[in-house]
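Visitor: Turn this into a structure:
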Amino acid sequence: MAPFSAPDSIDYEDGTDETPDSYPSLTSKLEKAIEVTRIGLESYRNPAIMWTGGKDSTLVVYFAREVCDEFDLEMPPVVFIDHFQHFKELHEFVERWTDRWDLELHIASNDDVGAYVEEHGLEPGDEIPIEALSAHNQHHVRDLLEYEEDTFRFLLDTYVGNHLLKTVALNDILEAQAVDGVLSGVRWDEQAARSEETFFSPRHDPDIYPPHDRIQPILPFTERDVWDATWSYMVPEVVEGIDEDSFFPESIDDLPDGVDIEDIPVSPKYFEGFRSLGSEVSTTKDDERPAWLQDLEGTTERAGRAQDKEDLMERLRDLGYM
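Guide: Residues are numbered from 1 along each chain as shown. Sure, this is the predicted structure:
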């Protein structure tokens with residue numbers, strides 16, 4: 001593996017000791033997001049965008065397209081992690097907008113685990129023997145995670161399951177594609193584990209992950225900011241027939257005549273009331289209203305995702321999770 005060399009233009013301290021309040025208006029956050037995106041796309045030799053199909057990373061893809069168009073840059077590929085437990089609608093959304101936006105899509109998955117699951121007809125929550133895994137996956141389980149049990153559950157909201165299905169899949173494709181800069185939709189307000197991130201965050205330890213940097217344009221955005229930017233900027237820019245600012249539909253039926261849900265770069269699951277899209281198995285919703293109409297300030301965004309307990313998130317991020 002070639003040694004990582006940080007671009008001279010990167011300031012790893014940018015964002016230190018800042019909070020969303022450091023950017024008091026949506027305009028200031030948008031300007032910072034564009035600046036960070038531009039620096040990232042201009043500075044790294046082989047950048048890529050982590051795209052989950054969720055609201056945050058879709059906004060990052062939109063910013064990247066805008067920056068590439070304005071500054072005549074090459075649009076980087078997008079990487080989607082298939083952890084085998086997505087909502088079906090999320091796969092369809094990613095495929096549809098890959099075509100609409102003419103994106104170069106790379107699918108990252110832990111095929112070793114996937115093959116075992118398919119061969120044995122397993123369901124989420126079923127046990128998988130550690131000894132049935134490849135040497136590569138056993139190294140992660142035994143040496144990095146220091147996991148001593150004989151089996152692990154095929155489930156995202158577990159330490160081993162999340163690491164193998166998401167982090168290992170991500171690290172493997174970063175190494176295979178020689179990616180040196182990863183744009184992601186991480187935000188400060190999502191979790192305590194992410195609150196001290198900077199706009200350019202180093203991941204340089206070769207014993208844990210392929211050395212690279214994380215480029216994080218929307219760190220200052222709150223959940224409300226993401227929806228405001230989505231409906232006030234991204235959707236009117238992308239969708240013909242929606243040209244008014246701050247259009248916040250109350251349901252799918254509220255879309256203008258001639259505009260279908262498939263024309264909107266917003267996952268249908270958000271219209272159904274989900275505020276965060278983890279896995280079909282372990283993500284729930286507490287409100288039937290579209291996500292942007294809910295009490296975003298008074299309730300927790302990711303409460304419906306069982307995998308996101310803080311102690312688990314902290315350990316997983318140390319190993320390369322987003």
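Visitor: Please report how far Gly114 lies from Trp101.
Guide: Counting by CB to CB, to the nearest Å, the gap from Gly114 to Trp101 is 27 Å. Using the backbone N, CA and C atoms, a C-beta is placed for each residue, glycine as well.
Visitor: One more: Asn46?
Guide: Per CB to CB, Asn46 is found 20 Å from Trp101.
Visitor: ditto for Val238
Guide: The value you get for Val238 to Trp101, if CB to CB is used, is 9 Å.
Visitor: likewise Leu183?
Guide: Look at Leu183 and Trp101: by CB to CB, they are 15 Å apart.
Visitor: who's more crowded, the two?
Guide: A side-by-side neighbour count of Leu183 and Trp101, using other CB atoms under 10 Å, places Leu183 first with 29 against 17.
Visitor: contacting residues for the more buried one?
Guide: By CB atoms under 8 Å, 6 or more residues apart in numbering, the residues touching Leu183 are Thr37, Gly40, Pro47, Ala48, Ile49, Met50, Val60, Ala64, Pro76, Ile215, Gln216, Pro217.
Visitor: Run a quick neighbour tally on His139.
Guide: His139, neighbours per other CB under 10 Å, totals 13.
Visitor: Can you check the pLDDT for it?
Guide: At His139, the pLDDT value in this model is 95.
Visitor: which ones are touching it?
Guide: Taking CB under 8 Å, 6+ apart as the definition of contact, His139 has no neighbours.
Visitor: how close does it get to Pro206?
Guide: From His139 to Pro206 the distance is 14 Å (CB to CB).
Visitor: ok, Ala169 touching Asn110?
Guide: Yes - Ala169 lies in contact with Asn110 (CB atoms under 8 Å); the separation is 4.6 Å.
Visitor: so what sits against both of the two?
Guide: His83.
Visitor: So for these two, which sits in the more crowded spot?
Guide: Set Ala169 next to Asn110 and count neighbours by other CB under 10 Å: Asn110 wins out with 27 against 24.
Visitor: State the distance from that one to Glu42.
Guide: Separation of Asn110 from Glu42 (CB to CB): 32 Å.
Visitor: I'd like to know how far Tyr159 sits from Phe271.
Guide: 33 Å.
Visitor: If you could redo that for Arg214, that was the one I meant.
Guide: Distance of Arg214 to Phe271, computed by CB to CB: 30 Å.
Visitor: how about the helices in the stretch 201-322 of the chain?
Guide: According to DSSP state H, counting those that start in this stretch, the stretch 201-322 of the chain carries its helices in the segments 223-229, 235-238, 268-271, 310-318.
Visitor: Now for Trp231, how many residues are close by?
Guide: Neighbours around Trp231, by other CB under 10 Å: 20.
Visitor: per-residue confidence for the spatially most central residue of the chain?
Guide: For the chain, the residue sitting closest to the mean C-alpha position, by CA atoms, centre = their mean, is Thr52 at 4.6 Å. For Thr52, the model assigns a pLDDT of 93.
Visitor: which residues touch the spatially most distant residue from the centre of the chain?
Guide: No residue in the chain sits farther from the centre than Asp257, which is 31.6 Å out by CA atoms, centre = their mean. Asp257 makes contacts with Gly241, as judged by CB under 8 Å, 6+ apart.
Visitor: quick one: the residue lying closest to Val259 once chain neighbours are set aside from Ser279, how far?
Guide: Distances taken as CB to CB, 6 or more residues apart in numbering put Gly241 closest to Val259, at 4.5 Å, once the chain neighbours are dropped. Distance check for Gly241 against Ser279: by CB to CB, it reads 33 Å.
Visitor: And Asp17, by the same measure?
Guide: According to CB to CB, Asp17 and Ser279 sit 34 Å apart.
Visitor: So for those two, which sits in the more crowded spot?
Guide: Shown here are Asp17 and Ser279; by other CB under 10 Å, Ser279 has more neighbours (21 against 8).
Visitor: Pretty sure that one sits against Lys88.
Guide: No - if you go by CB under 8 Å, Ser279 and Lys88 don't touch, sitting 11.7 Å apart.
Visitor: Report the set of residues contacting both of the two.
Guide: Contacts common to Ser279 and Lys88, judged by CB under 8 Å, 6+ apart, are absent.
Visitor: which stretches of the stretch 151-300 of the chain form strands?
Guide: Secondary structure of the stretch 151-300 of the chain by DSSP state E, counting those that start in this stretch: the strands cover 151-153, 181-183, 200-203, 212-215.
Visitor: Alpha carbons of the third one, as CSV, please.
Guide: When you say that, I think you mean strand 200-203. Presented in CSV, the C-alpha positions along strand 200-203 are these (Å, rounded to 0.1, in the frame of the first residue of the first chain):
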residue,chain,number,x,y,z
PHE,A,200,-11.2,17.5,6.7
SER,A,201,-10.7,14.5,9.1
PRO,A,202,-7.7,12.2,8.8
ARG,A,203,-7.9,8.4,8.7
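Visitor: Which elements pack onto that strand?
Guide: Applying 3 or more CB pairs under 8 Å, 6 or more residues apart in numbering; DSSP states H and E, one finds that strand 200-203 makes contact with helix 26-43, strand 212-215.
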